[in-house]
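>>> Requesting a structural model of the entry that follows:
(chains A, B, C, D, E and F, ligands or ions: 3)
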Amino acid sequence: MNFETIGLELWQSTGLANFSPGQAVMMPICLLLLYLGIRRGFEPLLLIPIGFGGLLANIPIADIGGPDGFLGIIYNMGISNGLFPLLIFLGVGAMTDFGPLLAHPKTALLGAAAQFGIFTTLIGALTLSDKLDFIDFDLGDAAAIGIIGGADGPTAIFLAGKLAPDLLGAIAIAAYSYMALVPIIQPPIMRLLTTQAEREIKMVQLRPVKKIELILFPLTVLAACIILVPDATPLVGAVMFGNLLKECGAVDRLAKAAQNELINIVTILLGLAVGSKLAADKFLSAETLGILFLGLIAFAIGTASGVLLAKLMNLVSRDPINPLIGAAGVSAVPMAARVVNKVGLENNPQNFLLMHAMGPNVAGVLGSAVAAGVLLALTR
Amino acid sequence: MNFETIGLELWQSTGLANFSPGQAVMMPICLLLLYLGIRRGFEPLLLIPIGFGGLLANIPIADIGGPDGFLGIIYNMGISNGLFPLLIFLGVGAMTDFGPLLAHPKTALLGAAAQFGIFTTLIGALTLSDKLDFIDFDLGDAAAIGIIGGADGPTAIFLAGKLAPDLLGAIAIAAYSYMALVPIIQPPIMRLLTTQAEREIKMVQLRPVKKIELILFPLTVLAACIILVPDATPLVGAVMFGNLLKECGAVDRLAKAAQNELINIVTILLGLAVGSKLAADKFLSAETLGILFLGLIAFAIGTASGVLLAKLMNLVSRDPINPLIGAAGVSAVPMAARVVNKVGLENNPQNFLLMHAMGPNVAGVLGSAVAAGVLLALTR
Amino acid sequence: MNFETIGLELWQSTGLANFSPGQAVMMPICLLLLYLGIRRGFEPLLLIPIGFGGLLANIPIADIGGPDGFLGIIYNMGISNGLFPLLIFLGVGAMTDFGPLLAHPKTALLGAAAQFGIFTTLIGALTLSDKLDFIDFDLGDAAAIGIIGGADGPTAIFLAGKLAPDLLGAIAIAAYSYMALVPIIQPPIMRLLTTQAEREIKMVQLRPVKKIELILFPLTVLAACIILVPDATPLVGAVMFGNLLKECGAVDRLAKAAQNELINIVTILLGLAVGSKLAADKFLSAETLGILFLGLIAFAIGTASGVLLAKLMNLVSRDPINPLIGAAGVSAVPMAARVVNKVGLENNPQNFLLMHAMGPNVAGVLGSAVAAGVLLALTR
Amino acid sequence: MIVEGFRLMAVGMLTVFAFLTLLVGLMNGSALFFEKFADRFPEPEPDGSAKARTGNTGQDEEIALVLALAQARRQGQRV
Amino acid sequence: MIVEGFRLMAVGMLTVFAFLTLLVGLMNGSALFFEKFADRFPEPEPDGSAKARTGNTGQDEEIALVLALAQARRQGQRV
Amino acid sequence: MIVEGFRLMAVGMLTVFAFLTLLVGLMNGSALFFEKFADRFPEPEPDGSAKARTGNTGQDEEIALVLALAQARRQGQRV
Ligand code: NA
Ligand code: NA
Ligand code: NA
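Ligands and ions are numbered 1, 2, ... in the order given. Down below sits the predicted model:
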């Protein structure tokens, strides 16, 4: 035993002696995510596990995000194969009420228009990759970046896990951060594209929806998806299975399990595993900046597209649609619908748009799942 | 970009253009399962997930039931290795009260007699395979088909997953459907084999059972199973571990977890994964018709055997046994016991047989688990 | 069909005909564990699943603990890769209040001193292996045995799963049994090393702790661990992630999931899987006796070290510390803190030491996790 | 490759609109159908009596009741 | 192979009956035993006081109480 | 190999003490810091109003309320 040797050995085994510059940079970034989640209420259910997972993944020596590490094991158990995002979607379906959409079907089209942001961003990513030497996205990467515009965490994680696993960390963070920032991103665009008169439009009250319609709805959606976009059926099927459990009334204990224990446990595991992709060597790159920039564009264009289609529909439709609700088509359920409600109330304190906005809001979830299916099929 | 090419490509990527005839036939069959589960109350906890899983498994292109698909992944995680049925059994054990059996031990024999349906059906399957050119069952297939007569979902899925994975879908559906049909299948047989006088037999009231007997019971059963049929110990052990958690009183939080979150989550996953075996190429065959036919026979023979043994026991026993309770020996807990109660009340409105029927009912679970162990050992 | 052959075959398939002597010996040992858990309240949440798992693992023919058996599958799913103990630790973190430690930081050192038992025992194990021909421990084995002195189940299982899987059964049983025996092991040592006057020392009331301190605490601990002992971050990180979920106030549904469904389900699975290591061929050996003996030493030395450091601190500290609380530094949360409280009350019925003892108690959890990290790094 | 991006946009937006348009049609059709045949699909009462109808719940309750009775009887008759 | 089926039936039904017969014997034995030595295995009171006996629950309650007190104290003393 | 054991003890106990000593320092520092700047980190009220501050809970409640209202409206208006 040589004390000098032991001392040196001790020092060399510390984290301090082994920090890479990248890891040192990532630590405050992950702490920022935790701060945003805890203090600012930015999607805390996801950003807190992701941020903490990011801390763990950037610890020197321990290699917690590696294939034999704690987070790497969870990643391989449920992200690389797509299982966890689908189980989350199952729980989301079991918590979602599609009644407002059934009460006013044509607002579903607003949820289609908002997906325009996805594809514009995809082209933007390819252009960026083409113009800038230090950024390099292939088609799969571009598709996974575009899906940020879907404003749907599980869809983005599912697609990124399949098409661009190295970008998964940045994509997930962009998706959840911008979803949390919807109250800041959307209102200026909504105001810019609408007149005061349009924002004051009162919509006709929603018709009552029958229980049998609610029960058949998940099967209807699945049928439409099978007929037109079979590649989207894993995502759409998971949501709709959850929704059938909820609506059918015969299996309440399974519905409650999907809404609670299943989604909570999987959220913890999924968040940690996504955090493992914040390891410095993957996250710290020009690509990440590009992804954050492109994600913002995606949200903006999606919002604008929804609003503009609503205005277009008013040209041909009998019952007027308040174009603000088009902004909810990006999904970001239920935040975007709340933003619509808030902007509506600013213009007319008696104009409650929340339920009207829930229609395009949930349709946007289906719209992005379908877009993800198309992208998965055509870029694989 | 050529619009004609895109149009063709789009069309070729639709589900409509890719439906195989088999898949088209399976869709209404799966919808029927959902209808039976939701509207008719046919074992909804299982048939709804199975039916929905069947829809997903028959979607063209998506290959959701394949090894890399959503359902295929779940299947390989918990059905092919037997884990999910055992965890369900653990939860079943944590929910089962063996008190009625302890209060009247000899009714356990009725749960043994009812297993005669399993072995008759096994021979029937071999005979069918022998006589009909278009049906081909090997010994393992026949054993897995026979176990339908055990009227126990987890046991049937466990055994079929090991011995006849290709037939798993048909076997699970037959098992759960006939369990739901017990109120239709059993009463005619019960009435045919008993006289009015027999059906009116009143049984002596059950003795009180001590807590210590309930605590020792799971260990007693495990001991008997180890001594005689070690091959059945995974199934019997899982039930009895769950029951020990429930009865011992020292680990209520584990018992509640087994009764709720664990069994609910696993039921969702197991149901979906079993549904993956409804893929047309596996399900649509003469074999499936054979299985449905044989399964019905199995239930009928099991019922008859239970009733007949009860009559036989009355020849030698002091305290008379109402032979109706023999029918509960098939298991199908607690449906078969309820049927016994109902038929009993038809003949004597003061004769409550439910608790008396619970004895053979739960003994039937053990009986079929033991039979499954024997079959597993001798046909592997 | 030859009846004699069938009879012989039947007999040969029974457990009775196949019991190995070792298996026959293990059965009463496992029953003893169940008895201790159920009737004596010895860590029932763990010892009941472990004992039952041990019964299953020692059943002849069935090979339930083997790689394709029920328990073997669970073992490979979560013990060999360390996942289950870490998830348990996550739940433990979500249930632990570090307020008492924050209120009186320097008592953390008592949780450091108590780890002396770990390393003494390690050396003891190496000495035993050196002196006795029939006992053979390598360095990894000795480290895993030493960690019994950490008095922390998940840490012990995590480390033994990595360094000495064959000894896992004995190590887990020693750890949990001695944790349950803390009320018997510790008081004599505590009384021997302290004077009546010392045992009557009243400590100053704990200062109030701010919410923000509680929220930052998990991040502080993680930071200290990253800086000094990155190898311990999987264990420490899991506890602290759970604690952050609890304290941050923004994700109550995840915190509740970690405290309930996640930890309960994982406890069931972990207990059964640990039980699989009670298979006779691994458990019945001179090594097991050695482990039980060494584990007891480890607890005793850990207790003594904590008490002695408290006395030493009183020589230099302003506010006096009741040396009894040093005994809580072994962890065994919260049993050891309760023992301290009880011994304190014996000497002064007005002297409530429980909250003061909780500080070293939870610090001991961190201390043993750090020790485990060092051992993992240096013996691998 | 940017050209490929425009192709994806065309295919993708077409598909998304086709899907949701089809869904609008199906939802409208379903609404009309159940409006027309409302008498053949009676709504469950708002007080949740629908739940009582499903075999499952009712049956569990009955069994639970009987088991509780049995337990009480056992405990009451204890010497 | 049908012959093999009959062999399975013989072995299987024998085993099932042997198992459940053994179980009947063990249950009857256990009932007799605990009847005879009822005084040495007192039944827990029906009001569930048995649960209070297990160390686990009692201990958790005590700890929870103390923790709650501590929390209250901390919050009460806040400036 | 026993020598190796003593080496492990030295390294291990040193590390454990270093870690917990560092932690003591950080905890004391944190206590001092938040004592000094207590005005800039107001404590949430003991009645748990802190929870109401996090966007999440409040938002869920609002949505839940609206959904409940909508459901009630739907069921009330049913013909
Ligand atoms: Na969307
Ligand atoms: Na049965
Ligand atoms: Na410890």
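>>> List the contacts of A:I6.
Applying CB atoms under 8 Å, 6 or more residues apart in numbering or on different chains to A:I6 gives the contacts F:7, F:10-11. All C-beta spots, glycine's among them, are computed from the backbone N, C-alpha and C.
>>> Next, work out how far apart A:D319 and chain B are.
For A:D319, the distance to chain B equals 32 Å [CB to the nearest CB, to the nearest Å].
>>> which helix is the longest one in the chain?
The chain I'm using is chain A. helix A:286-316 (DSSP state H).
>>> wrong chain, I was asking about chain D
Chain D, longest helix under DSSP H: helix D:2-36.
>>> Output the contacts of A:I6 as JSON lines; include the columns distance to chain A and pLDDT.
Shown next, in JSON lines, are those (distance: CB to the nearest CB, whole Å; pLDDT from 0 to 100):
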{"residue": "F:R7", "distance to chain A": "6", "pLDDT": "91"}
{"residue": "F:A10", "distance to chain A": "6", "pLDDT": "92"}
{"residue": "F:V11", "distance to chain A": "6", "pLDDT": "91"}
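>>> Tell me the one of those nearest chain C?
Distance to chain C, by CB to the nearest CB, is smallest for F:V11 among these, at 6.2 Å.
>>> Can you report how many residues neighbour that closest one?
20 (other CB atoms under 10 Å in any protein chain shown).
>>> can you tell me which of the contacts of A:I6 lies nearest to C:L235?
F:V11 (17.5 Å; CB to CB).
>>> hang on, isn't that closest one packed against C:V374?
Yes. Applying CB atoms under 8 Å, one finds F:V11 in contact with C:V374, separated by 6.2 Å.
>>> Could you check how far the helix or strand in which A:L366 is found is from the centre of its chain?
Taking DSSP states H and E as the definition, one finds A:L366 inside helix A:354-379. Taking CA atoms, centre = their mean, to the nearest Å, the mean C-alpha location of helix A:354-379 is offset from the chain mean by 11 Å.
>>> just stretch A:159-178 next, same as before
The answer for stretch A:159-178 is 9 Å, by CA atoms, centre = their mean.
>>> buried sites along it?
A:159-178 (16 or more other CB atoms under 10 Å in any protein chain shown).
>>> measure that stretch end to end?
18 Å (CA to CA, to the nearest Å).
>>> And the helix or strand harbouring A:R338, what does it pack against?
Per DSSP H and E, A:R338 falls inside helix A:335-347. Helix A:335-347 is packed against helix A:182-193, helix A:196-199, helix A:354-379, helix F:55-76, with contacts defined by 3 or more CB pairs under 8 Å, 6 or more residues apart in numbering or on different chains; DSSP states H and E.
>>> at 6 Å what do you get?
helix A:182-193, helix A:354-379 (3 or more CB pairs under 6 Å, 6 or more residues apart in numbering or on different chains; DSSP states H and E).
>>> wait, does the shortest one contact chain F?
In this case it means helix A:182-193. No. Taking CB under 6 Å from any CB of the partner chain as the criterion, helix A:182-193 and chain F are apart, separated by no less than 9.4 Å.
>>> Also stretch A:26-34?
No. Judged by CB under 6 Å from any CB, stretch A:26-34 stays clear of chain F, getting no closer than 13.6 Å.
>>> Name the residues that touch that stretch?
Residues outside stretch A:26-34 that contact it (CB atoms under 6 Å, 6 or more residues apart in numbering or on different chains): A:47, A:51, A:54-55, A:58, A:280.
>>> try it again with 7 Å
A:47-48, A:50-52, A:54-55, A:58, A:173, A:278, A:280, A:283-284 (CB atoms under 7 Å, 6 or more residues apart in numbering or on different chains).
>>> Restricting to C-alpha, output it in CSV.
Coordinates of each C-alpha in stretch A:26-34 appear next as CSV, following Å, rounded to 0.1, in the frame of the first residue of the first chain:
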residue,chain,number,x,y,z
MET,A,26,-24.9,19.6,-20.3
MET,A,27,-25.3,19.7,-16.5
PRO,A,28,-26.6,23.3,-16.4
ILE,A,29,-28.8,22.5,-19.4
CYS,A,30,-30.4,19.6,-17.6
LEU,A,31,-30.8,21.7,-14.5
LEU,A,32,-32.6,24.3,-16.7
LEU,A,33,-35.0,21.6,-17.8
LEU,A,34,-35.7,20.7,-14.2
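>>> still on that earlier bit, quick one, the longest helix of chain D and helix A:354-379 angle?
130 degrees (axes from the mean of the first three to the mean of the last three CA atoms, to 10 degrees).
>>> For helix D:2-36, buried residues please.
For helix D:2-36, by 16+ other CB under 10 Å, it's D:4-5, D:7-9, D:11-13, D:15-24, D:26-27, D:30-31, D:34.
>>> Please name every helix or strand in contact with it.
Contacts defined by 3 or more CB pairs under 7 Å, 6 or more residues apart in numbering or on different chains; DSSP states H and E place helix D:2-36 against helix A:108-113, helix A:116-131, helix A:211-228, helix A:354-379, helix B:3-12.
>>> how far is the shortest one from where the chain is centred?
Centroid displacement of helix A:108-113 relative to its chain, using CA atoms, centre = their mean, is 17 Å.
>>> measure stretch A:126-139 end to end?
7 Å.
>>> now check that stretch, is it near chain B?
No. Against chain B, stretch A:126-139 shows no contacts by CB under 7 Å from any CB of the partner chain, the least distance being 14.8 Å.
>>> Could you pull out the buried residues of that stretch?
In stretch A:126-139, the ones that count as buried by 16+ other CB under 10 Å are A:126-129, A:135, A:137, A:139.
>>> do the same with stretch A:35-48
Those would be A:36-38, A:41-48, for stretch A:35-48 by 16+ other CB under 10 Å.
>>> Check stretch A:331-347 too.
A:331-341, A:343-344, A:347.
>>> So which of those is the closest to B:Q23?
For these, the nearest to B:Q23 is A:S331 (30.4 Å; CB to CB).
>>> List the contacts of that closest one.
A:150-152, A:361, A:364-365, A:368.
>>> quick revisit: of all the helices and strands packed on helix A:335-347, which one comes closest to chain E?
It is, among the helices and strands packed on helix A:335-347 and with distance given as CB to the nearest CB, helix A:182-193, at 32.4 Å.
>>> wait, does that closest one make contact with ligand 1?
No. Helix A:182-193 stays clear of ligand 1 (CB under 5 Å from the ion), getting no nearer than 11.7 Å.
>>> Same question for stretch A:333-344.
No. No part of stretch A:333-344 sits near ligand 1 under the criterion CB under 5 Å from the ion; the closest distance found is 8.4 Å.
>>> pull the CA atoms of that stretch into CSV?
Extracted C-alpha coordinates of stretch A:333-344, given in CSV (Å, rounded to 0.1, in the frame of the first residue of the first chain):
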residue,chain,number,x,y,z
VAL,A,333,-53.7,18.9,-25.7
PRO,A,334,-55.2,20.6,-23.8
MET,A,335,-52.8,23.6,-23.6
ALA,A,336,-53.6,24.9,-27.2
ALA,A,337,-57.3,24.7,-26.5
ARG,A,338,-56.9,26.7,-23.4
VAL,A,339,-54.9,29.3,-25.2
VAL,A,340,-57.7,29.6,-27.8
ASN,A,341,-60.2,30.1,-24.9
LYS,A,342,-58.0,32.8,-23.4
VAL,A,343,-57.5,34.8,-26.5
GLY,A,344,-61.2,34.5,-27.2
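>>> just for chain D, where's the confidence low?
Within chain D, the segments meeting pLDDT under 70 span D:45-79.
>>> at 50 instead, please
By pLDDT under 50, the weakly predicted segments of chain D are D:47-79.
>>> Show me what from it comes close to ligand 3.
Counting by CB under 5 Å from the ion, chain D has no residue next to ligand 3.
>>> In chain D, what residue lies closest to ligand 1?
Per CB to the ion, D:V16 is where chain D lies closest to ligand 1, at 9.9 Å.
>>> residues contacting that residue?
A:112, A:115, A:367, A:370-371.
>>> Please apply the same query to A:L312.
Per CB under 7 Å, 6+ apart, neighbours of A:L312: none.
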